[in-house]
Every structure is written in C-alpha cells, then in structure tokens.
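S.K.: Pasting the sequence and the predicted model now:
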Amino acid sequence: MVILIGILAGLVGFVLLVLLLLEAQYWQRPSNTLEMTSGKWELAVYEPQRYVLVGQIELTNLTRRLEVMAPTVHAEVQLLSSGSLEGIQVKTRIIPRFQGAEPRNDGYWEAHIIKSMGHDPIEVIVEIEGANLSELKVAWIQLHYVSYGSRGRFPKIRHVIVPLKFPAVEDSKRWRPAQNADVLPIKTHLLTHLDDPVSVVKRYVMPHAQPGDIVTIGESPIAIMQGRYRHPSEIKPGWLATRLSYMFHPTSSLATACGLQSLIDIEGEARVLFAFIVGSIAKIFGVKGMFYRLAGEQARLIDDVTGTIPPYDQFIVMGPENSQELCDRIQRETGLSAAIVDVNDLKRVKILAASSGVSTSLLHQALISNPAGNANEQTPVVLIRPTDTFTERATVGLQSAK
C-alpha cells in the first residue's frame, strides 16, 4: 500500500512538473502580435459630389521566429457632419499590395500569412458620394482585422480619422481683448494623426501673425497629432486599475478602469500604487494632490471618454510628448514663440512648455478666460499679441534687472 501511494505521488509530481515546464515554455514563446499601421492618407478626389480617400497602410508582424495570419480585413466608415447624411453613400475597398497578391473585384479578403517581422502593404479606398458633401467634417475609418497564430484568434481595430472640411484663413479674424494682450482663437480643420503641428501653424497662424506674437496650442490637439489616443476596446484593465479607479473623484479621468489603466501602461503598476499609498497618507494630514505629483505628469493630462470633441470623445487621449522640443521647433521654423497649454473653463491654466523668454504670467493672463473654448469651437490654436503697455513694462523690468 505504501509503495502504491509512493508511485501515485511520484506520478502526480511528474505530471505537475510537466505542466509547469509547459507553462514556462508557453510564456517564453512569442505571441502572435500583428499590428496595422495608421499609414498615409490623401484626398485623391475632392469634388462637390464625390470624395475619394486613399490610405497606404501596412500589416506588421512583430512576432519573432513565428508567422502570423490575417484571415480577415474589412473597413467601416462613420461620417461626421454638421447636417444630415441622407442620400450620401459610402463604399470601401481593401486591396492587397504585397508580393504575389491578386486583387479581387468581389472585395473578398483572402487569408494571408505575414512572415516574422514582415511588413506587408495594403491599400484602402473609401469613396463618398452624394448631392452635397460640403457639410461633411470628418471620416472615422475603423479597420477591422484578425491576428491569428500560436496564441489563438484576436480581433483588433485600427482607428483612422481623416478630415474632410478645411476652414479658410479668413474664418479666424475676431481678435479679443485680454489683460495685457489681444488674443485670436484660430479655427482649423479637425486635427488628426495625419497633421504636423508646425505645418498647422504655418497654414493657419502665419497669415495673422506679426513679430512678437506667441502661438499657443492645446495639449490634447498636440497629443492627437502625435497619435497618443486609444479606444477603450483596445485596453484591458488589470487588477490594480479595477480596484483603484473607484477611489478617485467621479469626474476624474482616472475614475474609470480604462482611464487608470492608460496611466498604468505608461508609468507602471509600482509607481501608480506607490503614488496612491503615499497620496492617501498625505491626504489624512491635509496635503492634497500628492498622488498627481508622484504618479507622473500624465496623471494630470489624460482625458477620458467625453473629454474632447467628436470623434475623439470616444477615445482616451493621453498627454503630449516632447512638448519643449516642439515649442523650440515651432520657433525655429516659423519665428514665433510658442507654448503648449492645458486650459479649461474653471480658469485653470497649466503651461506644459514654452519658448525661452516667454512670460508665463502673460500666458496666464491672456488664457485665463479660455478663449479656445471647451466645446466644439474647433479653435485649438490661440494667437497672443502682447499690448504695448505690457511690452514696455517687460522691457523696463529687464533693464532694471540689468
């Protein structure tokens, strides 16, 4: 009997050892990581009754040593308009452009294998037709694809937002008085990842600007142009995010599991947990805001769903990266001083970065009333022109300092 129990115990131990080895081998193996790039897009046809958008994108297999399959790829398009969409028709085509591919007229996507670390190009064509397309603002293109391989089948979506309406420079001409400055909210098209901040300044701001002006851009539009936004469907909240999100104020962007997980993905679980523990202790002693000081700059900058204008109201938008470098680049390429700012209707002005020599007090005074607005004004850029009084006072101050 003892021998039998020993044999059974040995078999159980052997089975457990095999299972542990299989589990270890599983986690060491690469997963089937297939990504789709946002690509480059152009309005190939821009006629009153017909628009044609063409996107050049890639399916990229980031998995080492393993092939990954893309058994399906298809597109859906949501149009945003200031009027009705009645009578407007949308057609989409996805054309494989990789070696050996044969485009089909019936629109069927043939399952495709992407080799390890491979980049296979595809073309997406969106045709929009209607009696009058002038009220269309943007095309939100959702590219659905499936990553199929060693870990199973994973449906994924790449979101691409393409502007369809472009305001004229003359649409921005209403200067407003502010303390020690005049300000001009500047209307732009809906900014997307396809835009470059410097190009936006050159296109919309330079026709209004003169030497000594300061151009300010909201932090969310900058982050959007940098592609720093995620759809909640792409985020998998972990244990920490689902537990801690309940502890934040209901209006905070960290009060949802996906919002908090976005911060955790950037800063790491250890830092967020440490900031929460220390922040909670500090609050007991009457010290507020310690969590945001310890959790990193992104903790204050993340905008959860509903935090920005459509269609970005469906996304979580992170704060921008390399803000100071961008301000320096704008000044270098346009000659205008620049600042990246976070402003709201609660008279809160936060300067993320600014060109050297820019007065932060002037920025606060000029932006305190939030001239860019928090609704759908679509004026993410504000041009500030210091008045002569402020300029003279600043000059006197510099001379006194010398």
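M.R.: Thanks, I have the structure now. Numbering: from 1, shown residues only.

S.K.: can you tell me the helix or strand for Asp342?
M.R.: Element membership of Asp342, judged by DSSP states H and E, is strand 337-343.

S.K.: which other helices and strands contact that strand?
M.R.: strand 214-218, helix 219-225, helix 323-334, strand 349-354, helix 360-367 (3 or more Cβ pairs under 8 Å, 6 or more residues apart in numbering; DSSP states H and E). For the C-beta atoms, the positions are set from N, CA and C on the backbone; glycine is no exception.

S.K.: packing partners for the first one?
M.R.: Same thing as strand 214-218. strand 337-343, helix 360-367, strand 381-386.

S.K.: Check for me that Asn370 belongs to a helix.
M.R.: No. Under DSSP: H, G, I helix; E, B strand; the rest coil, Asn370 falls outside any helix and is assigned coil.

S.K.: close enough to count as contact, it and Asn344?
M.R.: Yes. Asn370 is in contact with Asn344 according to Cβ atoms under 8 Å; the separation is 6.3 Å.

S.K.: Show me which of these two is the more surrounded one.
M.R.: With neighbours defined as other Cβ atoms under 10 Å, Asn370 and Asn344 compare such that Asn370 has more, 17 against 11.

S.K.: what's the spacing between the more buried one and Leu362?
M.R.: 16 Å (Cβ to Cβ, to the nearest Å).

S.K.: Ser337 against Ala209, yeah?
M.R.: No. The pair Ser337 / Ala209 is not scored as a contact, 10.4 Å apart, by Cβ under 8 Å.

S.K.: Common neighbours of the two, please.
M.R.: Here Ser337 and Ala209 share the contacting residues Val215, scored by Cβ atoms under 8 Å, 6 or more residues apart in numbering.

S.K.: longest strand of this structure?
M.R.: Using DSSP state E, we find that the single longest strand of the chain is strand 136-149.

S.K.: quick one: buried residues of the next helix or strand after it?
M.R.: The helix or strand immediately downstream of strand 136-149 is strand 152-163, counting by DSSP H and E. Using 16 or more other Cβ atoms under 10 Å as the test for burial, strand 152-163 gives 158-163.

S.K.: and the next helix-or-strand element following strand 152-163, what does it pack onto?
M.R.: Later in the chain than strand 152-163, the nearest helix or strand by DSSP H and E is strand 176-178. Applying 3+ Cβ pairs under 8 Å, 6+ apart, one finds that strand 176-178 contacts strand 181-186, helix 360-367.

S.K.: will you turn these into TSV that also has mean neighbour count?
M.R.: Shown next, in TSV, are those (neighbours: other Cβ atoms under 10 Å):
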stretch	mean neighbour count
strand 181-186	21
helix 360-367	19
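
S.K.: Of all the ones you listed, which one comes closest to Glu35?
M.R.: Minimum separation from Glu35 across the helices and strands packed on strand 176-178 (Cβ to Cβ) falls at strand 181-186, 34.8 Å.

S.K.: Tell me which strands that closest one pairs with, and in which orientation.
M.R.: Strand 181-186 has its sheet partners listed here by DSSP bridges as strand 176-178 (antiparallel), strand 381-386 (antiparallel).

S.K.: Any buried residues in the longest strand of the chain, and which?
M.R.: Buried residues in strand 136-149 (16+ other Cβ under 10 Å): 136-141, 143, 145-149.

S.K.: Looking at it now, give me its mean pLDDT.
M.R.: Across strand 136-149, pLDDT averages out at 95.

S.K.: relative to strand 152-163, how tilted is it?
M.R.: Computed by axes from the mean of the first three to the mean of the last three Cα atoms, to 10 degrees, the angle separating strand 136-149 from strand 152-163 equals 160 degrees.

S.K.: For Ile266, pull up the helix or strand it's in.
M.R.: Short version, using DSSP H and E: Ile266 is in helix 257-267.

S.K.: Tell me the helix or strand right after that helix.
M.R.: helix 269-284.

S.K.: got the contact list for that following helix?
M.R.: Identification of contacts with helix 269-284 by Cβ under 8 Å, 6+ apart yields 238, 240, 244, 247, 260, 263-264, 288-296, 299.

S.K.: Could you do stretch 218-233 as well?
M.R.: 38, 157, 159, 191-193, 195-197, 200, 258, 262, 301, 303, 305, 307-308, 312, 314-321, 323, 326, 340-343, 352, 372, 380-381.
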